[in-house]
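Student: Next comes the sequence, and after it the predicted model I'd like to discuss.
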Amino acid sequence: MYNLLISLAAAVVVFLIVKFAVGLEWWISLLFALPVLITAYFFLARYFMQKVMAVVEVANKDLQGQRLEKAIRELHSAFQYAKWQFFVAGQVNSQIGVIYYVKRDFAIAFPYLEKSFVKNWVAMGMLAISYMKRNRKEKMIEAFEKAVRWSPKESLLWSLYAYCMNETGDIGKAREVLTRGLKKLPSDERCKHNFELLQEGKKMKMRSYGDMWLQFHLEKQSVIMKQQQAAMGGSSRRRVIRN
């Protein structure tokens, strides 16, 4: 990327000046050039990441205000910094892909999710589900494996991986996934409970993860509506009792 190229160019200039103009040994010249490379890259990277974060902050405010299309336009403007700084494109693609997926614009979300930053486990989970729905099980597993490699402490990610394996009919692999997850999160009750359910041949229970689970859109809409109606009914009853 441009930041690295500029930093390398600055280091080379310093190396040549010290080596040929001053006449010092090559290894001494290198000792002068390396700090220039590191310092230049550090300040350039910080400068452009601040630019990116400013865009993301504005986009987040739009998301909070439910101005989703405006947030997406804001995020698109951050692509101008992708040639300057590593991983910017992946991070922006992740955020845009997640927004479209949550909106249920799955077809539009997919190409963005395919270019997601591997450390964004939510985006990687959505990508894996997208592959599952396209009957591309190997790609689904590949996406999940990348996600758990970089985010091994996310309980929902392990349960989501197991849930999708179970949905594809591979119960043994689902249990294996949760066994691996419990090695990373030995005290996680939700993973333990889901593992026990699979051992008993029962369906996993994911509702304890709340809205984080619902954003993956694996629950049937009718089930979600019943839950919401039950919650609203419960609230109404509580208000009546208080009155």
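Tutor: Good, I have the coordinates. Predicted model, so just to flag it, every value in this text is computed and none were measured. Residues are numbered from 1 along each chain as shown.
Student: May I have the phi/psi pair for His217?
Tutor: Dihedral angles of His217 (phi, psi; degrees, to the nearest 10) stand at phi 60, psi 40.
Student: From Phe15, how far out is it?
Tutor: Distance of His217 to Phe15, given as CB to CB, to the nearest Å: 55 Å. Backbone N, C-alpha and C define where each C-beta goes, glycine included.
Student: what do you get for Ile6?
Tutor: Distance check for Ile6 against Phe15: by CB to CB, it reads 15 Å.
Student: Looking at these two, which is more packed in?
Tutor: Phe15 (19 against 14; other CB atoms under 10 Å).
Student: What residues sit buried inside the host helix or strand of the more buried one?
Tutor: Mapping Phe15 onto the secondary structure by DSSP states H and E places it in helix 2-16. Applying a neighbour-count criterion of 16 or more other CB atoms under 10 Å, one finds 3-4, 7, 10-11, 14-15 buried in helix 2-16.
Student: The residue nearest to Trp26 when sequence neighbours are not counted: neighbour count?
Tutor: Leaving aside its sequence neighbours, Trp26 sits nearest to Lys19 (CB to CB, 6 or more residues apart in numbering; 5.9 Å). Residues contacting Lys19 under the criterion other CB under 10 Å number 18.
Student: Need the pLDDT of Lys19.
Tutor: As predicted, Lys19 sits at a pLDDT of 83.
Student: you'd agree it is up against Trp27?
Tutor: No - using CB atoms under 8 Å, Lys19 makes no contact with Trp27, being 9.9 Å away.
Student: dump the residue contacts of the most centrally placed residue in the chain.
Tutor: For the chain, the residue nearest the mean C-alpha position is Asn120 (1.5 Å; CA atoms, centre = their mean). Counting by CB atoms under 8 Å, 6 or more residues apart in numbering, Asn120 touches 90-91, 94-95, 98.
Student: how about those residues in CSV, adding pLDDT, secondary structure and neighbour count?
Tutor: Output for the contacts of Asn120, formatted as CSV (pLDDT from 0 to 100; DSSP: H, G, I helix; E, B strand; the rest coil; neighbours: other CB atoms under 10 Å):
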residue, pLDDT, secondary structure, neighbour count
Gly90, 96, helix, 17
Gln91, 95, helix, 21
Ser94, 97, helix, 25
Gln95, 96, helix, 25
Val98, 97, helix, 22
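Student: Okay then, goodbye and thanks.
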